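# Return a 3D structure for these sequence lines:
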Amino acid sequence: MLPILKKINLSTQIIFGENAELKLDLPEGRLLFVISSSVNKQVTAEFYEHYTKSNVVFFNEIKPGGEPWSEVIDRVYLDLPDSLQGIVAIGGGSVIDFAKALSILIGGGGAINDYEFG
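As a prediction, this is how the structure comes out:
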């Protein structure tokens, strides 16, 4: 029997340049910001100050380098509020991979290993 295929549509914006993190065109509603722990602390502080007036959830336990751990992805997914409207990733590949994994779980449910290893 062939495996059941699912199509998950993900909306992506890439913004770069000076102060790009403060110029995001964000949707209304509750958002999750996944921020690398290696992002400059002054930039992070300005970012928090700029967006804490919004309905935002912050997560910044991502260490640079290497792939995100499945257990951490699943734990964060299970703790997400139901009313989440979007995810913003700020950092390098590990942070972006983490955010993509969460968006897959939000769209399809389950555990990330269901998608990694079939």
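
# Can you show me the strands along this structure?
Counting by DSSP state E, the chain has these strands, from start to end: 30-36, 56-62, 84-90.

# and those, which one is worst for confidence?
Sorting those by mean pLDDT places strand 56-62 lowest, at a mean of 62.

# residue ranges with poor pLDDT in the chain?
1-11, 13, 21-22, 25, 27-28, 52-66, 117-118 (pLDDT under 70).

# Grab the most central residue of it for me.
residue 99 (2.9 Å; C-alpha atoms, centre = their mean).

# For residue 23, which non-adjacent residue is spatially closest?
Take residue 23 and drop its neighbours on the chain: the residue closest to it by C-beta to C-beta, 6 or more residues apart in numbering is residue 15, 6.6 Å away. C-betas here are computed from N, CA, C, even on glycine.

# tell me which residues in stretch 105-118 are buried?
105, 106, 112 (16 or more other C-beta atoms under 10 Å).

# before we move on, the earlier item: go ahead and confirm the residue nearest to the centre of the chain touches residue 89.
Yes. With contact defined as C-beta atoms under 8 Å, residue 99 reaches residue 89; the gap is 3.6 Å.

# overlap in contacts of the two?
Counting by C-beta atoms under 8 Å, 6 or more residues apart in numbering, the common neighbours of residue 99 and residue 89 are residue 34.

# quick one, helices of the chain?
Here the chain has its helices, by DSSP state H, at 41-51, 70-79, 93-108, 112-116.

# which one of those helices has the most crowded surroundings?
helix 93-108 (a mean of 19; mean count of other C-beta atoms under 10 Å).

# Tell me which other helices or strands it touches.
Helices and strands touching helix 93-108, by 3 or more C-beta pairs under 8 Å, 6 or more residues apart in numbering; DSSP states H and E, are strand 30-36, strand 56-62, helix 70-79, strand 84-90, helix 112-116.
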